[in-house]
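>>> Here is my input, please return the structure:
(one chain, ligands or ions: 1)
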Amino acid sequence: MGALMAGMLDTDLFLAWTEGAARAVRLHRDRLTGLDAAIGDADHGTNLDRGFTEVGKALTEWPPTSPAQVLVSAGTTLIRRVGGASGPLYGSLFRQLGKSLDTPVTLAGFAAAFESGVQAVERLGKAAQGDKTMIDALAPAARALTQAVQEGADEHKAFERAARAAEEGAKATIPLRARKGRASYLGERSIGHEDPGAASAALIMAALAEAAA
Ligand SMILES: [Mg+2]
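Presented below is the predicted three-dimensional model:
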């Protein structure tokens, strides 16, 4: 059973996404924590690593039967298990994404649901693009995904474009001054550092592209 049959996105693809995200966060844990050490409280990598490890455990213990179940389970686990702001923010992204999916999941349906998930993060974080948060990676990814769908791209191309937009968005946080979260207390001194939330969001979007590759 392939994840890419006839334009349908199946449960296995979303399980592969969460597993890939867990691996990427583990691999980049120290870099994420280092970024958070520069402008936050030095726990982003360890927090997310623990959270995605718990996501894997929950999905093994209660095997999901639909893409929506994968994503809602992942989101709920992240909210419960990840401290700080990033748990509720990522949790909301995955929960809203899952709740917004119609079955069967098409690429266009996923793109619309992803937009909805990113909007949930924006509402909860009261953040917009340019505030130097995970939104700086997620919002461009959502736009790239929607545009790719409109241009008739397949899921490989669409997820690659979303991942690239997220990576560029994360790098674009370096010269920004933080306007939200703990980093905003640093004022000018937040300039010159990549936002850890944007960096982890780029990793998570890259994991989606890899899962579909
Ligand atoms: Mg932190």
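
>>> Now for the residue of the chain most remote from its centre: which residues touch it?
Here the chain has its C-alpha centre computed as a mean, and the residue farthest from that point, by C-alpha atoms, centre = their mean, is residue 188 with 26.8 Å. With contacts defined as C-beta atoms under 8 Å, 6 or more residues apart in numbering, the neighbours of residue 188 are residue 177. For glycine as for every other residue, the C-beta is placed from the backbone atoms N, C-alpha and C.

>>> Is there proximity between stretch 31-50 and the ion?
Yes: under the criterion of C-beta under 5 Å from the ion, the ion is reached by stretch 31-50 at 36, 40, 41, 43, 44.

>>> Determine how far stretch 85-102 lies from the middle of the whole chain.
On the basis of C-alpha atoms, centre = their mean, to the nearest Å, stretch 85-102 sits 9 Å off its chain's mean C-alpha point.

>>> what does it rub up against?
Counting by C-beta under 8 Å, 6+ apart, the neighbours of stretch 85-102 from elsewhere in the structure are 44, 47-48, 51, 67-82, 109-110, 112-114, 116-121, 124-125, 134, 138, 181, 197, 200, 204.

>>> can you rerun that using 7 Å?
Contacts made with stretch 85-102 from outside it, assessed by C-beta atoms under 7 Å, 6 or more residues apart in numbering, are listed as 44, 47-48, 51, 67-68, 71-72, 74-76, 78-79, 81-82, 109-110, 113-114, 116-118, 120-121, 124-125, 134, 181, 197.

>>> Please save the CA atoms from whatever helix or strand residue 146 lives in in CSV.
Assignment of secondary structure by DSSP states H and E places residue 146 within helix 135-150. Only the C-alpha atoms of helix 135-150 are listed here, as CSV (Å, rounded to 0.1, in the frame of the first residue of the first chain):
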residue,chain,number,x,y,z
ILE,A,135,4.7,31.4,11.9
ASP,A,136,7.5,32.7,9.8
ALA,A,137,8.1,29.2,8.5
LEU,A,138,4.5,27.8,8.6
ALA,A,139,2.7,30.7,6.8
PRO,A,140,5.0,30.6,3.8
ALA,A,141,4.8,26.8,3.7
ALA,A,142,1.0,27.0,3.7
ARG,A,143,1.0,29.5,0.9
ALA,A,144,3.5,27.5,-1.2
LEU,A,145,1.4,24.4,-0.7
THR,A,146,-1.8,26.1,-1.8
GLN,A,147,-0.1,27.6,-4.8
ALA,A,148,1.4,24.3,-5.8
VAL,A,149,-2.0,22.7,-5.6
GLN,A,150,-3.5,25.5,-7.8
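
>>> That one - contacts with which helices or strands?
Using 3 or more C-beta pairs under 7 Å, 6 or more residues apart in numbering; DSSP states H and E, the elements in contact with helix 135-150 are helix 107-125, helix 155-171, helix 196-212.

>>> Any idea how many residues pack against the closest residue to residue 71 other than its chain neighbours?
Residue nearest to residue 71 in three dimensions, not counting chain neighbours: residue 98, with 3.1 Å by C-beta to C-beta, 6 or more residues apart in numbering. Counted with other C-beta atoms under 10 Å, residues neighbouring residue 98 total 23.

>>> what sits against residue 182?
Neighbour list for residue 182: 40, 41 [criterion: C-beta under 7 Å, 6+ apart].

>>> where does the chain come near the ion, residue by residue?
If contacts are counted using C-beta under 5 Å from the ion, the residues of the chain sitting beside the ion are 36, 40, 41, 43, 44, 84.
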